[in-house]
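> This is a predicted model, with the sequence first.
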Amino acid sequence: RIYGLSAPVKKDDDTLRVGVSVCVGTSCFVRGSQRLLKKLCEHIQQRGMADHVKVEATFCTEHCDQGPTVIVGERMLHHCTLEDAIRAIEEATAGLTV
C-alpha cells in the first residue's frame, strides 16, 4: 500500500477549485474504480468543467470493503457509481461559472 500519494490526471492549475480523488487501490480497482475514473474524466471534459475540477487517482483510502471510493472536496463516497460522483461534483461546483 502507498499512503498519502496521488497521481494527478490533469496538470495542476491555480484555477482548479474542487478536488476529486478516485481510489485505485487493489480492492477499489477490482470493483471498477479505473473505469469510473476514465468515465469521470470524460464527463468533466465534455461538460467543460476541467478548469473547475481537479481529478486525480489516489491509492488506498482505507475503506477497502466499501469501494470504489471517491472523494469530492471533503465528501467521501463509498460504493460510488458514476452517477453518484457526477451528482457530488455538480453539487460541489454549483454556483461556479463553468
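Thanks, I have the structure now. In this text, all values refer to a predicted model and were calculated from it rather than measured experimentally. Residues are numbered from 1 along each chain as shown.

> what about this structure, any weak spots by pLDDT?
Applying pLDDT under 70 to the chain picks out residues 1-16, 95-98.

> Could you check the helix ranked longest in it and say which residues are buried?
Counting by DSSP state H, the longest helix found in the chain is helix 33-46. Judged by neighbour count (16 or more other CB atoms under 10 Å), helix 33-46 contains these buried residues: Ser33, Leu36, Leu37, Leu40, Cys41, His43, Ile44. Where C-beta positions appear, they are placed from N, C-alpha and C, glycine not excepted.

> Gly67 is in contact with the first one, correct?
What it means is Ser33. Yes - with contact defined as CB atoms under 8 Å, Ser33 counts as touching Gly67 (6.4 Å).

> Need the residues touching each of these two.
Overlap between the neighbourhoods of Ser33 and Gly67 consists of Cys23, taking contacts as CB atoms under 8 Å, 6 or more residues apart in numbering.

> Skip ahead from the longest helix of the chain and say which helix or strand is next.
strand 53-58 (DSSP states H and E).

> Partner strands of that following strand, with direction?
Using DSSP bridges, strand 53-58 pairs in its sheet with strand 6-8 (antiparallel), strand 18-23 (parallel).

> and the direction of the longest one versus that of helix 33-46, what angle?
Strand 18-23 and helix 33-46 are oriented at 160 degrees to each other (axes from the mean of the first three to the mean of the last three CA atoms, to 10 degrees).
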